[in-house]
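[1] Make a model of this:
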Amino acid sequence: MRALRIEKENVTRFHEVEPPVLGGGQVRVCVRHVGLCGSDLNTFKGLNPLVELPRIPGHEIGGEIIAVGPDVAADYRSGRRVIVMPYTNCGQCPSCRKGRLNACRHNRTLGVQQEGGLAEEIVLPAEKLILNDTLAPRHLALVEPLSVGFHAVERGRVANGDTVSVLGCGMIGMGVLIGAVAKGARVIAIDPSKEKRNLALKFGAWQALPAGGEELVREVAELTGNDFVDVAFEAVGLPATFTQAIDLAGFAGRVVYVGYSKAPVTYQTQFFNLKELDIMGSRNATLQDFRNVVAHLEKIGDAADLLISKVFRFDEAEAALPYWDGHRDVLKIVIERS
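    This is a model prediction of the structure:
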């Protein structure tokens with residue numbers, strides 16, 4: 001079968017690879033749609049320390065069942081559409097023992113620590129597949145990245161009436177925004193891209209501001225009557241936005257880090273104490289987060305098309321990551337195989 005590999009920095013190429021073997025409790029999936037993530041772009045640029053090249057990228061996957069192995073429930077039958085949960089969980093580490101499988105110490109995400117879904121077929125355990133025949137096929141590939149944002153909203157305990165800031169309106173930040181709006185929050189979206197700010201407004205942001213330093217902090221102070229925000233989300237992954245989240249959080253507020261900085265971050269830590277902040281990390285997503293996103297996408301219907309910036313056919317996929325590298329305002333690229 002054909003699969004796209006990131007061979008080395010800035011090089012992607014199709015290869016013929018052996019189809020995966022189907023075993024007990026497993027399902028063979030024909031991959032129909034793959035969304036490209038910022039982690040895939042970082043891998044392509046040689047900036048992802050979690051990946052060893054060459055690697056087949058892709059963990060935002062929608063597909064169709066084509067075969068099942070022994071000991072798979074009857075619901076998983078050929079022709080049914082599925083959304084992939086691309087994480088693993090060991091069941092034994094501290095996170096798993098606490099029921100937080102999304103934060104498994106030994107997680108191996110598709111396309112990162114193991115080969116991903118940008119191939120004609122993949123084989124996965126049935127429990128890592130969510131059956132869904134109601135969403136538009138392209139929208140199946142939107143569920144995983146939006147789920148990461150929805151999970152961050154749960155981590156931040158966002159409630160009706162909260163004022164929330166979202167630093168970074170890429171796909172994960174948009175998931176945070178959409179999830180927070182669904183909770184009844186007022187969202188201040190912050191991004192240097194005018195296109196992304198406009199999209200944030202279409203998805204319910206109360207305000208959309210360009211990124212900036214002290215000027216941004218002053219503007220948020222004015223908008224909130226100097227209270228600042230109840231929850232500040234960071235979805236960029238830069239030292240400057242890590243510290244800015246602390247600046248934007250109000251007294252007794254919460255800070256949720258969804259991005260991660262590739263460089264050390266220096267803080268004035270007195271604000272942790274003076275404001276008595278709750279500071280949290282957020283990783284991956286749970287099955288319930290996936291279900292919540294599916295329900296939301298079913299509710300908004302075709303509006304979800306606005307989240308897809310460009311579609312490449314599968315046989316054009318070699319050009320997708322180079323295209324994104326040259327067009328950084330892109331929100332989501334989807335690879336489609338008919």
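[2] now what about stretch 217-233, what contacts it?
    152, 156-158, 162-167, 173, 176, 180, 185, 188, 207, 209, 212, 244-251, 253-256, 258 (Cβ atoms under 8 Å, 6 or more residues apart in numbering). C-beta coordinates here come from the backbone N, C-alpha and C atoms, glycine included.
[3] Quote the end-to-end distance of it.
    One end of stretch 217-233 to the other measures 14 Å (Cα to Cα, to the nearest Å).
[4] What of stretch 25-41?
    End-to-end distance of stretch 25-41 (Cα to Cα): 32 Å.
[5] So which bits of it are buried?
    Along stretch 25-41, these residues count as buried under the neighbour rule (16 or more other Cβ atoms under 10 Å): 26-41.
[6] Next: stretch 261-268.
    Neighbour-count burial for stretch 261-268 flags Ser261 (criterion: 16+ other Cβ under 10 Å).
[7] So for that stretch, first residue to last residue, what's the gap.
    End-to-end distance for stretch 261-268: 17 Å, by Cα to Cα.
[8] Now do it, average pLDDT.
    For stretch 261-268, mean pLDDT is 92.
[9] cool, stretch 194-209 as well?
    On average, stretch 194-209 scores 98.
[10] So which of the contacts of stretch 217-233 belong to strands?
    Counting by DSSP state E, the contacts of stretch 217-233 place 163-167, 188, 207, 209, 249-251, 253-256 in strands.
[11] of those residues, buried ones?
    When the ones in strands among the contacts of stretch 217-233 are checked for burial by 16+ other Cβ under 10 Å, the buried set is 163-167, 188, 207, 209, 249-250, 253-256.
[12] Now distance to Glu18 too, for those, in TSV please.
    Shown next, in TSV, are those (distance: Cβ to Cβ, whole Å):
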residue	distance to Glu18
Thr163	53
Val164	47
Ser165	48
Val166	43
Leu167	43
Ile188	50
Gln207	52
Leu209	50
Ala249	50
Gly250	55
Gly253	52
Arg254	47
Val255	46
Val256	41
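[13] Just the closest of those residues to Ala74, please.
    Nearest to Ala74 among these, counting by Cβ to Cβ, is Val256 at 40.0 Å.
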